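# Sequence first, then the predicted structure, then my questions.
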Amino acid sequence: MPELPEVETVRQGLERRVLGRRISAIRVLRPGTVRGQPASWMEGRRVASFHRKGKTLIMELSGEGSRPRADLIVRLGMTGRLVLNPREAPLLPHTHACISLDDGREELRYCDPRRFGMLRLSTPQETEQMLHSLGPDALEVTESEFTGRMGKRHGAIKGWLLNQQVLSGLGNIYADEALFAARVHPQTPAGKVSKAARRALYRAVRNVLRRAIALQGTTFRDYIDIEGRPGKFMSRLQVYGRAGQPCRRCNNTVQRIVICGRSSHFCPSCQRRPRKTAFSL
DNA sequence: GCAAGCCTGACC
DNA sequence: GGTCAGGCTTGC
């Protein structure tokens, strides 16, 4: 599932292979795939930059002559892929759009079996609005903003970490891994996480994301980068997907429960439930 | 039938 | 406003 490290890996690949190239044509194979402005808006423009905020990728397209700048906003959702292929390579099933580059011998293809992802072609102002609705990027946020945003919220810390309006970039895998690293029980109300644990969680989030980026992300099922390579972080997972297996730290059994409708993996002895005493803060 | 991310909407 | 359930989609 593409979370911050996977999207960053895709962004870096695009920067290496697509930056500065001209979009010669776009073929939309599934109507409605590109929302916002008409897809033909992209044609003839150059790719000026690739940015990322949380899990959202922004491909900035140059203005040409009297045409203003435009942005292609990419959300990979759960099974979305962007892959760079030679024109003659066979299409993966569920390929919804192909963006031809330069002379058309190579194209960037968007494929998404579950269709939870989206492409949106927007004006710079629309992009700004969209990014404004996202919380700070999980790698850019400062410690004081991170701990401050936890505030006195009553919801489970797990849900807080997944809320993209509060903090952007974490999905189920890295939320569980960060909570394990910080030894915080996923059901702890966000506002009840102690000062020391907030600091530990802040560091754990950054640490797990940085390490995952260094290994090109996690391929649990579908994720691959633009050159078709899977991530290499799976062997580093401590709790995600390891329910019933021994904790790598204490040998107790990793558990799986549902919090906010999402599966949560944790070690009940490394991550204790908060005690409800006056001194628990 | 379950999993995922995220949007919508119901409820306090 | 905060919180969370429900629904979307499809391969396993």
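Arrived safely. Numbers count the residues shown, from 1 in each chain, chains lettered A, B, ... in the order given.
# quick one: the strands in the stretch 151-281 of chain A?
Ranges of strands in the stretch 151-281 of chain A, per DSSP state E, counting those that start in this stretch, are A:255-259, A:262-266.
# Can you pull the phi and psi angles for the residue in chain A that DNA strand B sits nearest to?
Here chain A gets closest to DNA strand B at one residue, A:G171, 2.5 Å apart by C-beta to the nearest atom of the strand. From N, CA and C alone the C-beta is placed, and that goes for glycine too. A:G171 has phi and psi values of phi -120, psi -170 when expressed as degrees, to the nearest 10.
# A:R109 belongs to a strand, doesn't it?
Yes. Under DSSP: H, G, I helix; E, B strand; the rest coil, A:R109 falls within a strand.
# and it, what are its bridge partners?
A:V83, A:C98 (DSSP bridges).
# Just give the number of residues close to the closest residue to DNA strand C within chain A.
Among the residues of chain A, A:G155 lies closest to DNA strand C, at 2.9 Å counting by C-beta to the nearest atom of the strand. A:G155 is flanked by 15 other residues according to other C-beta atoms under 10 Å.
# Over to A:A70?
Neighbours of A:A70 (other C-beta under 10 Å): 23.
# Also A:P246?
Using other C-beta under 10 Å: A:P246 sits among 12 other residues.
# What residues sit buried inside stretch A:97-117?
Buried residues in stretch A:97-117, counted by 16 or more other C-beta atoms under 10 Å: A:97-101, A:106-113, A:117.
# An error on my part: the question was meant for stretch A:247-264.
A:247, A:254-255, A:259, A:262, A:264.
# What of stretch A:65-83?
Here stretch A:65-83 shows A:70-76, A:78-83 as buried, counting by 16+ other C-beta under 10 Å.
# again with stretch A:39-52
A:39, A:41-43, A:45, A:47, A:50, A:52.
# swap in stretch A:5-23?
Quick answer for stretch A:5-23 (16+ other C-beta under 10 Å): A:5-14, A:18, A:21-23.
# where does A:I73 land in three-state SS?
From three-state DSSP, the assignment for A:I73 is strand.
# Who does the residue nearest to it when sequence neighbours are not counted form a beta bridge with?
Counting by C-beta to C-beta, 6 or more residues apart in numbering, A:I73 lies nearest to A:R120, which is 4.4 Å off, once chain neighbours are set aside. A:R120 has these beta-bridge partners by DSSP bridges: A:R35, A:I73.
# number of nearby residues for A:R120?
18.
# give me every residue that touches it.
Residues near A:R120 by C-beta atoms under 8 Å, 6 or more residues apart in numbering: A:34-36, A:72-73, A:130.
# what does the model give it for pLDDT?
Looking at A:R120, its pLDDT reads 93.
# repeat for A:T123
Confidence for A:T123, expressed as pLDDT, is 91.
# ok, now how distant is it from A:R256?
44 Å (C-beta to C-beta, to the nearest Å).
# cool, A:G171 as well?
16 Å.
# before we move on, what about A:V208?
From A:V208 to A:R256 the distance is 19 Å (C-beta to C-beta).
# Equivalent analysis for A:P68, please.
For A:P68 relative to A:R256 (C-beta to C-beta), the value is 49 Å.
# circling back: return the residues in contact with the residue of chain A closest to DNA strand C.
A:189-190, A:260.
# Which ones among the buried residues of stretch A:65-83 also lie next to DNA strand C?
Among the buried residues of stretch A:65-83, none lies close to DNA strand C by the criterion of C-beta under 7 Å from any atom of the strand.
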